[in-house]
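Colleague: any chance you could fold what I've pasted below:
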Amino acid sequence: MTKTVYYAAIGPELGVFDVDVDAATLTRHGAVILPANIQYAWPHPSRRHLYVASSNGGPRVVGDRHFASALAIDPATGSLRPHGEAAALPSRPIHLSVDRSGEYLLTAYNNPSHITVHRLNADGSIGAPVAQPEILDTGIYAHQVLTAPSNRVVTLVARGNDAELGKAEDPGALKTFAFEAGVLLRNLGFGPRHLDFHPTKPWVFVSIERQNKLYVYELDAESGLKHEPLFVKDTLSKTPAMRQAAGAIHIHPSGKFVYVTNRASDLSSFDGKPVVVGGQNDIAVFAIDQKTAEPTLIQNADARSIELRTFGIDPSGRVLVAASIAPAPVREGERVVTVPAALTVFRIGDDGKLAFVRKHDIDTGAARQFWTGIVTLP
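Modeller: Numbering: from 1, shown residues only. Okay, the predicted model is just below:
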């Protein structure tokens, strides 16, 4: 029987939870401390190592300590320990991933927007950076970097920025690059946030953060994303009356469904106290037509917490665990209460819909639950 673990980061601490898929439960059994606040993590294809980006920077904070760390995963328990020296990075890393061969670590940075590539040593530790031959167009606010299934193309999601205080909007973009031996050779051309690849079809599903949309693209193994989307769908069930943002996206292991978070956390005032103004904090569930790639919205599952930043689906496709980033004040009748940060567990039905099972309230203290993910041990 395979063992599944869930990792959840609060500040520099990365907690380890056993996942009982049959019972849909989480049980914490340890943690490891990283050099700075955890930004993102990604498992090696062998699932024997986990790579973690950390920084003392953050939104609107530059910081001066930025790292990529390799952690060895205990194959019996999922416990973590440092593996080799942490690699110093040039600025705040906002996302990282491992290429399909397991030979390179790709890291995206939001300010300034760029990408680095490090070799991974044979033992899984982080090696030297790979020199890149040219300045690449990485758009505004790089937010996610992934290799396509062919491993010959790298996709970069550049988020862009909202218009504010008289400043025009910085448009987001999808960037694609040829990728050979760790080198990003050239732009292949083409307000997204994250994307995921269909497990068997040449389709890419992209969450468009500021427009609350799901875009579907056709993928070419050599040239990357085709320019025009096949489909554009709304992730919200109703027209928003406040600021909304689409977030993380994952495709079900079967390829039949895709899940996208909707987030709302803007504040208003009630009785002199700040409260979340309302909106949709849920997971949009889409059924995917296996012939055309068209997604159809079939559910918006209430998250029962505010601002879902990350979530994971167990490899059997039966359980989804979603994580909210921090506690939030909400109005409840004539009083203000705090909704704590949480790990929310859903059962996934055969029809792809989510059924709430339980919620684990998490005390984040002064930190935030910035990254979580599921790994099945080898």
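
Colleague: give the residue spans of this structure that score low on pLDDT.
Modeller: Using pLDDT under 70 as the threshold, the predicted model of the chain has low-confidence ranges 1, 186-191, 223.

Colleague: just give me the neighbour total for residue 153.
Modeller: Around residue 153 sit 21 other residues, with neighbours defined as other C-beta atoms under 10 Å. Yep, even glycine has a C-beta here, placed from its N, CA and C like the rest.

Colleague: could you pull up phi and psi at it?
Modeller: phi -130, psi 140 (degrees, to the nearest 10).

Colleague: that one contacts residue 146, doesn't it?
Modeller: No: the pair residue 153 and residue 146 fails to qualify as a contact (C-beta atoms under 8 Å) at a distance of 9.5 Å.

Colleague: so how far is residue 365 from the closest residue to residue 88 other than its chain neighbours?
Modeller: In space, not counting the residues next to it along the chain, residue 88 is nearest to residue 67; the distance is 6.3 Å by C-beta to C-beta, 6 or more residues apart in numbering. As for residue 67, its distance to residue 365 is 21 Å (criterion: C-beta to C-beta, to the nearest Å).

Colleague: so the two - more neighbours on which side?
Modeller: Here residue 67 and residue 365 are compared on neighbour count by other C-beta under 10 Å; more neighbours surround residue 67, at 21 against 12.

Colleague: for that one, give me its contacts.
Modeller: Counting by C-beta atoms under 8 Å, 6 or more residues apart in numbering, residue 67 touches 34, 35, 36, 53, 54, 55, 86, 87, 88, 89, 93.

Colleague: go ahead and build a ChimeraX selection from the buried members of the residues you listed.
Modeller: In ChimeraX, this line selects whichever of these come out buried by 16 or more other C-beta atoms under 10 Å:
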select :34,35,36,53,54,55,86,87,89,93
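
Colleague: give me the subset of the contacts of residue 67 lying in strands.
Modeller: When these are checked against strands (DSSP state E), the matches are 53, 54, 55, 87, 88, 93.

Colleague: nearest to residue 133 among these?
Modeller: Ranking the ones in strands among the contacts of residue 67 by separation from residue 133, with C-beta to C-beta as the measure, puts residue 87 on top at 20.9 Å.

Colleague: what residues are bridge-paired with that closest one?
Modeller: When assigned by DSSP bridges, residue 87 has beta-bridge partners residue 68.

Colleague: what's the answer for residue 80, then?
Modeller: Under the criterion used here (DSSP bridges), residue 80 is bridged to residue 73.
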